[in-house]
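Participant: Sequence and computational prediction follow.
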Amino acid sequence: MMVRTTVAFEGVSELILEKAVQLGLARSRTEALRMGIFALNKEYNLVKDIEQELLAARERLRKKARFRADLSRAEKDKLAKDLMKSR
């Protein structure tokens, strides 16, 4: 599972990211953001069992993909039936 997001920072947030890179805490601003995400999880225990949560998330994605594929097939079948009726 991957999420792509474009984020613009200015002011204090930008300064913190740049300092993290300058001081060698992170190789990039993106890595500094990842570190912040892990710190957030450590502070608030948002995801307790990471492996279990990842497996569950992957399963949800598989089900969603299967549902979309089935829906797409059903739509194609309906279109084919409609075309046959119109002839």
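Facilitator: Okay, I see it.
Participant: Please count neighbours and contacts with C-alpha atoms only from this point.
Facilitator: Fine.
Participant: how does the protein divide into domains?
Facilitator: 1-46, 48-87 (automatic domain parsing).
Participant: Please compute how far the host helix or strand of residue 66 lies from its chain's middle.
Facilitator: Here residue 66, judged by DSSP states H and E, is contained in helix 50-86. How far helix 50-86 lies from its chain's middle: 19 Å, per Cα atoms, centre = their mean, to the nearest Å.
Participant: least reliable of the domains of the chain going by mean pLDDT?
Facilitator: Least confident of those, judged by mean pLDDT, is domain 48-87 with a mean of 85.
Participant: how far does that one sit from the chain's center?
Facilitator: So, by Cα atoms, centre = their mean, the centroid of domain 48-87 is 18 Å from its chain's centroid.
Participant: could the domains of the chain go into JSON lines alongside mean neighbour count?
Facilitator: Converted to JSON lines, those look like this (neighbours: other Cα atoms under 10 Å):
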{"stretch": "domain 1-46", "mean neighbour count": "12"}
{"stretch": "domain 48-87", "mean neighbour count": "11"}
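Participant: Check the secondary structure at residue 46 for me.
Facilitator: When classified by DSSP: H, G, I helix; E, B strand; the rest coil, residue 46 comes out as coil.
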